[in-house]
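> Take a look and give me a structure for this.
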Amino acid sequence: MVSVVQATDEKPQGTPSIVADAAIAADARALSEQLKAMRERLYPPMAQKTLRQFSSGEAAKLIGVSDGYLRQLSLAGEGPQPETGTGGRRFYTLNDINALRHHLAEQALAKGNTAKARSYLPQRDLSRGEHMQVISVTNFKGGSGKTTSAVHLAQYLALTGHRVLAIDLDPQASLSAMFGYQPELDLTGNDTLYGAIRYDDQARPLSQIIRGTYFPGLDLVPGNIELQEFEHETPQALTRRHSGIDSGPLFFARIQAALASVEQNYDVVVIDCPPQLGYLTLSALCASTSVIVTVHPQMLDVASMNQFLFMTSDLLGVVREAGGELNFDFLRYLVTRFEPNDGPQTQIVGFMRSLFGDRVLTAPMLKSTAVSDAGLTKQTLYEVGRENFTRTTYDRAQEAMNAVNAEIEKLVHDAWGR
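Next up is the predicted model:
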């Protein structure tokens, strides 16, 4: 028997097609609502992050004195008085710690000990010509630990008494999220660095865009998707310039010009660059006094970094020919997410050190459950308390993180001639 299938105009029944833009928009709205609800649970009552208090031992270590000396100051009524908890334990806010720094620095200056005063209060000395350090943290491969490195560096420098400006230059705004911002809820137009470097008459002074944070001594320029407009508008601005229409500074000088307007207020600027080598990244590099390139020690990542270096060199060469100045105080490679017991990773790190010598930072950023667990609540290792982890896990992670950031801090101070 032969069966006959009749032709039909009806489409076969199957999985319905997805309207792409509508589906993606719906997913974005659903995710945004869940992130908002999560933030309200984590940071009540105003859905804003706050910084924890520090134990007397932590405060003493940050200031550079002994816990016993800090206790003597407290008993003598010198400086801010700490909050006393159960068992007489003393707790200090970062504002308290900074006030103690100023108090001890003034005492040292009264005794004529300038070096000691500077150790307590390491802010740059304008009278000695110490220039603002602008450090770009960059790599055009995602997953290299760029944002994690940038946020911990910015917070470490603030904890050690520097005046810091963190800039989120990534349209994905991961750095902003670490500071408690949800871009689609908390930012409107012109709230990012784009607002200060755009080419039209809507540009705003950078001072109006900078936001204070819950971290004393650390301000933020948040990011969101509008940063991508700079990538779209720059080719048009270059075309207008070639036609004789002046659009102000060329793209590679615009971030530098914006930062110059707030230079007196900061010691260090930390820029979290986007994971691509576009106009934003090139402008950041041209504004930088120093560069940190993050590298995950896997062969594919190293090969990717090789292409990044070739492309960066070629593009910066074009910028130099166009009149851009490119002089770095230091260029360093930071090994991230390093597992010391992983043989292949250790070999790759050794390979890098043989090639680049001391341009590879001595201290690597270790892969740690303490860092990743803190990230679940949009916190850094410096924000979470030791009580949230096993002591060895937390201490090991913080010791490694401090080693990385202290090494960069020393490079900054060396650039200042200290």
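> Show me the shaky parts of the protein.
Applying pLDDT under 70 to the chain picks out residues 1-21, 23-24, 28, 44-47.
> Can you give the domain ranges for it?
With domains defined by automatic domain parsing, the chain comprises 54-120, 124-415.
> which one of those domains is the most hemmed in?
domain 124-415 (a mean of 18; mean count of other CB atoms under 10 Å). For the C-beta atoms, the positions are set from N, CA and C on the backbone; glycine is no exception.
> Can you measure across that one, start residue to end residue?
11 Å (CA to CA, to the nearest Å).
> I'd like the distance from that domain to the chain centre, please.
5 Å (CA atoms, centre = their mean, to the nearest Å).
> circling back to that earlier point, now for the domains of the chain, which one comes closest to residue 32?
Set against residue 32 and scored by CB to CB, the domains of the chain come closest in domain 124-415, at 5.7 Å.
> The chain: strands as residue ranges?
Assigned by DSSP state E, the chain shows strands spanning 54-55, 83-84, 90-92, 133-138, 164-168, 211-212, 218-221, 268-272, 290-295, 330-335.
> could I get the ones you listed as TSV with distance to residue 102?
Compiled in TSV, these are given as follows (distance: least, CB to CB, whole Å):
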stretch	distance to residue 102
strand 54-55	17
strand 83-84	19
strand 90-92	14
strand 133-138	22
strand 164-168	17
strand 211-212	19
strand 218-221	17
strand 268-272	19
strand 290-295	27
strand 330-335	29
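> that older thread, with distance to residue 30 added, can I get the domains of the chain in a markdown table?
Shown next, in a markdown table, are the domains of the chain (distance: least, CB to CB, whole Å):
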| stretch | distance to residue 30 |
| --- | --- |
| domain 54-120 | 36 |
| domain 124-415 | 13 |
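> Go through these and name the closest to residue 42.
Closest to residue 42 of those, according to CB to CB: domain 124-415, at 5.6 Å.
> ok so, going back, which stretch among the strands of the chain comes nearest residue 22?
If we rank these by CB to CB, the stretch that ends up nearest is strand 164-168, at 29.2 Å.
> To residue 43, which of the domains of the chain lies closest?
domain 124-415 (6.5 Å).
> Nearest to residue 27, out of the domains of the chain?
Here domain 124-415 is closest among those (CB to CB), at 13.2 Å.
> quick check: longest helix of the chain.
Longest helix in the chain, counting residues (DSSP state H): helix 391-415.
> Which elements pack onto that helix?
With contacts taken as 3 or more CB pairs under 8 Å, 6 or more residues apart in numbering; DSSP states H and E, helix 391-415 sits against strand 133-138, helix 146-159, strand 290-295, strand 330-335, helix 369-375.
> Throw the ones you listed into TSV and include distance to residue 266, thanks.
Below are the helices and strands packed on helix 391-415 laid out as TSV (distance: least, CB to CB, whole Å):
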stretch	distance to residue 266
strand 133-138	9
helix 146-159	10
strand 290-295	14
strand 330-335	18
helix 369-375	26
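> wait, which of these is closest to residue 253?
strand 133-138 (13.2 Å).
> Which among the helices and strands packed on helix 391-415 is found nearest to residue 57?
helix 146-159 (14.2 Å).
> Kindly calculate the angle that that closest one makes with helix 391-415.
Going by axes from the mean of the first three to the mean of the last three CA atoms, to 10 degrees, helix 146-159 is angled at 70 degrees with respect to helix 391-415.
> Export only the CA atoms of helix 146-159, formatted as CSV.
Output of helix 146-159 as CSV, limited to C-alpha atoms (Å, rounded to 0.1, in the frame of the first residue of the first chain):
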residue,chain,number,x,y,z
LYS,A,146,41.0,43.2,35.2
THR,A,147,38.1,44.6,37.2
THR,A,148,39.0,42.6,40.3
SER,A,149,42.5,44.0,40.1
ALA,A,150,41.4,47.6,39.6
VAL,A,151,38.8,47.7,42.4
HIS,A,152,41.2,46.1,44.9
LEU,A,153,44.0,48.4,43.9
ALA,A,154,41.8,51.5,44.3
GLN,A,155,40.5,50.4,47.7
TYR,A,156,43.9,49.5,49.0
LEU,A,157,45.3,52.9,48.0
ALA,A,158,42.4,54.6,49.8
LEU,A,159,42.9,52.3,52.9
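> what packs against it?
strand 133-138, strand 164-168, helix 174-178, strand 218-221, strand 268-272, strand 290-295, helix 391-415.
> Now the first one - C-alpha only, CSV.
Output in CSV follows, covering the C-alpha atoms of strand 133-138 (Å, rounded to 0.1, in the frame of the first residue of the first chain):
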residue,chain,number,x,y,z
GLN,A,133,49.4,59.0,39.0
VAL,A,134,47.0,57.7,36.4
ILE,A,135,47.1,53.9,36.3
SER,A,136,45.2,52.1,33.5
VAL,A,137,44.4,48.4,34.2
THR,A,138,43.9,46.8,30.8
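> can you pull out the helices in the stretch 201-350 of the chain?
All helices of the stretch 201-350 of the chain, identified by DSSP state H, counting those that start in this stretch, fall at 206-209, 228-242, 254-260, 279-287, 299-321, 343-356.
> repeat for the stretch 51-200 of the chain
56-63, 67-75, 94-110, 114-120, 146-159, 174-178, 183-186, 194-197.
> what does stretch 387-403 contact?
152, 156, 362-366, 368-371, 373-374, 381-382, 386 (CB atoms under 8 Å, 6 or more residues apart in numbering).
> Looking at these, which one is closest to residue 95?
residue 382 (15.5 Å).
> got the contact list for the residue lying closest to the closest one once chain neighbours are set aside?
Distance criterion CB to CB, 6 or more residues apart in numbering; nearest residue to residue 382, sequence neighbours excluded, is residue 155 at 4.8 Å. By CB under 8 Å, 6+ apart, the contact list for residue 155 reads 215, 218, 380, 382-383.
> With that, I have no additional questions.
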